[in-house]
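Engineer: Below are the sequence and a predicted model; questions follow.
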Amino acid sequence: MLLVERVSGNPLASRKPLAAENLNDVGLVEWIKQAVGELPSYGYRRVWELLRRQRELQAKPPINMGRVYSMMRDNDLLLEQQGLSVRIVWSPQSAAAFR
(Lines give C-alpha, C1' and ligand atoms only; values in the text may rest on other atoms or scores of the structure.)
Protein backbone atom coordinates (compact mmCIF):
# COMPACT_ATOMS: atom_id res chain seq x y z
CA MET A 1 0.00 0.00 0.00
CA LEU A 2 2.81 2.39 0.84
CA LEU A 3 4.52 1.69 -2.48
CA VAL A 4 1.34 2.51 -4.40
CA GLU A 5 0.99 5.81 -2.56
CA ARG A 6 4.60 6.77 -3.30
CA VAL A 7 4.30 5.98 -7.00
CA SER A 8 0.97 7.74 -7.42
CA GLY A 9 2.11 10.83 -5.49
CA ASN A 10 3.90 13.81 -7.02
CA PRO A 11 7.53 12.68 -7.49
CA LEU A 12 8.73 16.26 -7.94
CA ALA A 13 7.39 17.36 -4.55
CA SER A 14 10.22 15.63 -2.69
CA ARG A 15 13.01 17.03 -4.86
CA LYS A 16 15.00 20.07 -3.88
CA PRO A 17 14.50 23.12 -6.09
CA LEU A 18 17.34 23.80 -8.50
CA ALA A 19 19.92 26.28 -7.31
CA ALA A 20 19.87 29.66 -9.02
CA GLU A 21 23.37 29.00 -10.30
CA ASN A 22 22.19 25.91 -12.20
CA LEU A 23 19.51 27.90 -13.97
CA ASN A 24 21.93 30.55 -15.23
CA ASP A 25 24.69 29.08 -17.37
CA VAL A 26 25.18 32.27 -19.37
CA GLY A 27 28.13 33.35 -17.22
CA LEU A 28 29.79 29.96 -17.54
CA VAL A 29 29.29 29.87 -21.30
CA GLU A 30 30.82 33.34 -21.62
CA TRP A 31 33.79 32.26 -19.50
CA ILE A 32 34.22 29.12 -21.64
CA LYS A 33 34.04 31.17 -24.86
CA GLN A 34 36.75 33.48 -23.50
CA ALA A 35 38.95 30.54 -22.48
CA VAL A 36 38.52 28.83 -25.85
CA GLY A 37 39.24 32.13 -27.61
CA GLU A 38 42.54 32.50 -25.76
CA LEU A 39 43.47 28.82 -25.95
CA PRO A 40 41.81 27.37 -29.08
CA SER A 41 43.57 24.01 -28.78
CA TYR A 42 41.96 23.31 -25.40
CA GLY A 43 39.23 20.68 -25.39
CA TYR A 44 36.49 20.27 -22.83
CA ARG A 45 38.73 18.43 -20.35
CA ARG A 46 41.31 21.21 -20.19
CA VAL A 47 38.60 23.88 -20.08
CA TRP A 48 36.90 21.96 -17.26
CA GLU A 49 40.20 21.79 -15.35
CA LEU A 50 40.74 25.56 -15.70
CA LEU A 51 37.18 26.22 -14.59
CA ARG A 52 37.51 23.79 -11.68
CA ARG A 53 40.67 25.53 -10.44
CA GLN A 54 39.13 28.99 -10.78
CA ARG A 55 35.99 27.98 -8.89
CA GLU A 56 38.12 26.35 -6.19
CA LEU A 57 40.02 29.62 -5.68
CA GLN A 58 36.72 31.50 -5.47
CA ALA A 59 35.38 29.00 -2.90
CA LYS A 60 32.53 28.00 -5.25
CA PRO A 61 31.28 24.44 -5.67
CA PRO A 62 32.98 22.40 -8.40
CA ILE A 63 31.35 21.97 -11.77
CA ASN A 64 30.71 18.62 -13.40
CA MET A 65 32.84 17.70 -16.44
CA GLY A 66 29.75 16.46 -18.27
CA ARG A 67 28.08 19.82 -17.77
CA VAL A 68 31.08 21.59 -19.31
CA TYR A 69 30.98 19.15 -22.23
CA SER A 70 27.25 19.75 -22.74
CA MET A 71 27.63 23.52 -22.67
CA MET A 72 30.53 23.39 -25.12
CA ARG A 73 28.63 20.99 -27.41
CA ASP A 74 25.46 23.11 -27.36
CA ASN A 75 27.46 26.24 -28.25
CA ASP A 76 29.69 24.58 -30.90
CA LEU A 77 32.87 25.09 -28.87
CA LEU A 78 34.22 21.54 -28.97
CA LEU A 79 37.36 20.72 -30.90
CA GLU A 80 36.90 18.83 -34.14
CA GLN A 81 37.60 15.15 -33.77
CA GLN A 82 40.70 13.86 -35.46
CA GLY A 83 40.26 10.92 -37.76
CA LEU A 84 41.43 7.54 -36.63
CA SER A 85 44.43 6.15 -38.39
CA VAL A 86 44.31 2.48 -39.26
CA ARG A 87 47.49 0.64 -39.92
CA ILE A 88 47.26 -2.63 -41.78
CA VAL A 89 50.23 -4.93 -41.50
CA TRP A 90 50.42 -7.71 -44.04
CA SER A 91 52.72 -10.62 -43.42
CA PRO A 92 52.97 -14.20 -44.67
CA GLN A 93 51.65 -15.43 -41.32
CA SER A 94 48.53 -13.22 -41.52
CA ALA A 95 48.04 -14.17 -45.19
CA ALA A 96 47.91 -17.84 -44.22
CA ALA A 97 45.01 -17.10 -41.88
CA PHE A 98 42.88 -15.86 -44.80
CA ARG A 99 43.41 -18.89 -47.06
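Structural biologist: Happy to help now that I have it.
Engineer: how about the helices in this protein?
Structural biologist: Assigned by DSSP state H, the chain shows helices spanning 2-8, 20-23, 26-38, 44-57, 65-74, 92-97.
Engineer: Report the helix or strand with the lowest average pLDDT across this protein.
Structural biologist: Of all helical and strand segments in the chain, the minimum by mean pLDDT, DSSP states H and E falls on helix 20-23, at a mean of 49.
Engineer: Ala35: what's it in contact with?
Structural biologist: Contacts here follow CB atoms under 8 Å, 6 or more residues apart in numbering; on that basis Ala35 touches 42, 47, 50-51. Just so you know, the C-beta spots here come from the backbone N, C-alpha and C atoms, and that holds for glycine as well.
Engineer: one more time with 10 Å, if that's ok
Structural biologist: 42, 46-47, 50-51, 54, 77 (CB atoms under 10 Å, 6 or more residues apart in numbering).
Engineer: same question, Tyr69
Structural biologist: If you count contacts by CB under 10 Å, 6+ apart, Tyr69 has them with 43-45, 47-48, 77-78.
Engineer: Out of the residues you listed, which end up buried?
Structural biologist: With burial judged by 16 or more other CB atoms under 10 Å, the buried subset of the contacts of Tyr69 is 44, 47-48, 77.
Engineer: from these, which two are the most distant?
Structural biologist: Trp48 and Leu77 (12.1 Å; CB to CB).
Engineer: about what we covered before: and of the contacts of Tyr69, the nearest to Trp90?
Structural biologist: Using CB to CB, these come closest to Trp90 at Gly43, 34.8 Å.
Engineer: ok, now which ones touch the closest residue in space to the closest one that isn't next to it in sequence?
Structural biologist: Counting by CB to CB, 6 or more residues apart in numbering, Gly43 lies nearest to Leu79, which is 4.8 Å off, once chain neighbours are set aside. When contacts are counted by CB under 10 Å, 6+ apart, Leu79 touches 36, 40-44, 46, 72.
Engineer: likewise Ala59?
Structural biologist: Contacts of Ala59 (CB under 10 Å, 6+ apart): none.
Engineer: what's the distance between it and Trp90?
Structural biologist: 59 Å (CB to CB, to the nearest Å).
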